[in-house]
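1. pasted the sequence and its predicted model underneath.
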Amino acid sequence: MSALQAPIRRSLLLLAYFAFISLGLPDGLLGVAWPSMSGDLHVSRETIGLLLIPSTCGYLVSSIAAGFLLARVGVGRLLAGSTALASLALFGYGLSPAFAVTMAAALAAGFAGGAIDAGLNAYAASAFGPRHMNWLHAFFGLGVALGPLIMTAAIQYGDDWRPGYLVVASGQAALAVAFMLTARQWTRHTADGEHPHAVRVQPPVRQTLAMPAVWFSVLTIAVYVALEVGAGLFAYQLLTEGRGMGDAAAGVCVSLYWGSLFAGRVLQGFAAHRMDPHRVVTVSIGGMAAGAVLVAVPGPGWLAAAGLMVIGFAAAAVFPMFTLTTAERVGPAHADRTIGLQMAGAGLGGSIIPSLIGVLMGAAGVEALGPALVVLSVALILVYLAATRRPTSPATQDHPAGARG
């Protein structure tokens, strides 16, 4: 029996679902809160860029470190400590008297988010299987969607943005307690049922870092996230300024884009256990390329909107299924470290490349978005093929034949 076929502890699975929701919640708070926050903290609205820097840096450092620390501290302890830190960071946001304090809270939130992301994905990839991997990532999207609703309610009914952060911080605190109480239960077993400590015996770090499959995996996730975020970030601008679509209709289309990503992951979860993850990812990446072409083709707004829906739905399975098969590409001994590096790649890809797309659109016009997405989709195909080439290093041949689950 493989690790993916082992009985799933329902209490841990339920806790993981709540954790993925909580991981997405803070991402949805800031955009709605910032106009009010900036006024209360006496800074300009453009200062939001400064706030994102410590958050991103913290995320990158902790996601990389988490992949290397999992074998020593264990998933349960890492999640308990990181979730407690996330709660403190969100309380810091909600109680902050000055922008400098908010910057410190952003750094702490980044550290917490990177570790939680890496820890949860590493555990889920080895313990929950393809169905729940898709659904867990769908629930992350649900958390992102709930964040704006919570903050909107706080501002509309309480006329204050701070309670929005305090509510989410309280939820994170409760989650941290749950992780602390279950810390010893977050253990994993090898394919032949050995004690989880056998999984934690890892080769030298330099061996992991010397593997091409590791770095091509990081590049794959980075380019994928860049494509996903870039399409969603600039879709409204393309539809309104480039294709003449009304503001309300364009807003609905952007919502449908993210909704198609969520719906795709939910639907994929029902059939994922009966499908080859590699084939699913290959078809999905091809679908993203087709959607990018539809966005790039000059035409009416509905054509670009259709392309966005295709990208969103096709993209649904890529991140969870690619993460799920990490051990197959690099071997179980290197999987945790690689997943941590992949989360860092996701952070970099989702921030740097969309920023460059924004610069390109500013110089060449909003219609540059479509060609940029096509280039990214081609790059995604190439790095994915490189990442999934048959491994030749002996270090990558220690994974069990049944790792797909």
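-> It's in.
2. can you list the low-confidence ranges for the protein?
-> 1-8, 188-202, 272-273, 390-405 (pLDDT under 70).
3. in it, which helix is the longest?
-> helix 332-364 (DSSP state H).
4. and after it, which helix or strand comes next?
-> helix 369-387 (DSSP states H and E).
5. distance from the chain centre to that following helix, please.
-> 18 Å (C-alpha atoms, centre = their mean, to the nearest Å).
6. kindly report the same for stretch 165-177.
-> In terms of C-alpha atoms, centre = their mean, the centre of stretch 165-177 is set 20 Å apart from its chain centre.
7. now swap in stretch 166-178 and tell me
-> 20 Å.
8. stretch 105-124 too?
-> Relative to its chain's centre, stretch 105-124 lies at 10 Å (C-alpha atoms, centre = their mean).
9. buried residues of the longest helix of the chain, list them for me.
-> If you call a residue buried by 16 or more other C-beta atoms under 10 Å, then helix 332-364 has these buried ones: 332-351, 353-354, 357-358, 361. Any C-beta I mention is one placed from the backbone N, CA and C, and that applies to glycine too.
10. which strands and helices sit next to it?
-> Contact partners of helix 332-364 among helices and strands, from 3 or more C-beta pairs under 8 Å, 6 or more residues apart in numbering; DSSP states H and E: helix 48-73, helix 99-127, helix 205-209, helix 212-237, helix 318-324, helix 326-330, helix 369-387.
11. tilt between it and helix 99-127?
-> 130 degrees (axes from the mean of the first three to the mean of the last three C-alpha atoms, to 10 degrees).
12. now helix 332-364 against helix 48-73, angle please.
-> 170 degrees.
13. now do helix 332-364 against helix 369-387, angle only.
-> 160 degrees.
14. quick one, helix 332-364 and helix 212-237 angle?
-> 30 degrees.
15. report the distance from helix 332-364 to the chain centre.
-> Worked out by C-alpha atoms, centre = their mean, helix 332-364 lies 10 Å from the chain centre.
16. please apply the same query to stretch 293-300.
-> Worked out by C-alpha atoms, centre = their mean, stretch 293-300 lies 27 Å from the chain centre.
17. now swap in stretch 318-327 and tell me
-> Centroid separation between stretch 318-327 and its chain, computed with C-alpha atoms, centre = their mean, is 12 Å.
18. identify the residues contacting it?
-> By C-beta atoms under 8 Å, 6 or more residues apart in numbering, the surrounding residues in contact with stretch 318-327 are 121, 124-126, 129-130, 133-134, 136-137, 217, 220-221, 224-225, 265, 268, 272, 277-278, 280-281, 284-285, 288, 335, 338-339, 342, 346, 384, 399, 403-405.
19. now with 6 Å, please.
-> Contacts to stretch 318-327, defined as C-beta atoms under 6 Å, 6 or more residues apart in numbering, come from residues 121, 125, 130, 133-134, 137, 224, 277, 280-281, 284, 335, 338-339, 399, 403.
20. please apply the same query to stretch 15-25.
-> Contacts of stretch 15-25 (C-beta under 6 Å, 6+ apart): 116, 120, 136, 139-140, 142-144, 147, 168, 172, 175, 178.
21. ok, 7 Å please
-> 113, 116-117, 120, 124, 136, 139-144, 146-147, 168, 171-172, 175, 178, 182 (C-beta atoms under 7 Å, 6 or more residues apart in numbering).
22. among these, which are in helices?
-> Filtering the contacts of stretch 15-25 for helices - DSSP H - leaves 113, 116-117, 120, 124, 136, 139-144, 146-147, 168, 171-172, 175, 178.
23. okay, stretch 239-249 in CSV with CA atoms only?
-> Listed next in CSV are the C-alpha coordinates belonging to stretch 239-249 (Å, rounded to 0.1, in the frame of the first residue of the first chain):
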residue,chain,number,x,y,z
LEU,A,239,-11.6,43.9,-21.2
THR,A,240,-12.5,47.5,-20.4
GLU,A,241,-9.8,49.5,-22.1
GLY,A,242,-8.8,47.1,-24.9
ARG,A,243,-12.1,45.4,-25.8
GLY,A,244,-14.7,48.0,-24.9
MET,A,245,-16.5,45.9,-22.3
GLY,A,246,-18.5,47.7,-19.6
ASP,A,247,-17.2,48.0,-16.1
ALA,A,248,-19.8,45.7,-14.5
ALA,A,249,-19.5,43.1,-17.2
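24. buried residues in that stretch?
-> 239-240, 242-243, 245.
25. so what's the residue count around residue 84?
-> 18 (other C-beta atoms under 10 Å).
26. and the gap between it and residue 183?
-> 12 Å (C-beta to C-beta, to the nearest Å).
27. mean neighbour count and distance to residue 258 for the helices and strands packed on helix 332-364 - can I get that in JSON lines?
-> Formatted as JSON lines, those follow (neighbours: other C-beta atoms under 10 Å; distance: least, C-beta to C-beta, whole Å):
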{"stretch": "helix 48-73", "mean neighbour count": "20", "distance to residue 258": "20"}
{"stretch": "helix 99-127", "mean neighbour count": "24", "distance to residue 258": "19"}
{"stretch": "helix 205-209", "mean neighbour count": "14", "distance to residue 258": "34"}
{"stretch": "helix 212-237", "mean neighbour count": "23", "distance to residue 258": "6"}
{"stretch": "helix 318-324", "mean neighbour count": "26", "distance to residue 258": "14"}
{"stretch": "helix 326-330", "mean neighbour count": "25", "distance to residue 258": "25"}
{"stretch": "helix 369-387", "mean neighbour count": "20", "distance to residue 258": "16"}
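28. so which of these is nearest residue 298?
-> helix 369-387 (8.5 Å; C-beta to C-beta).
29. quick check, residue 122 in contact with residue 339.
-> Yes - with contacts counted by C-beta atoms under 7 Å, residue 122 reaches residue 339, the gap being 4.6 Å.
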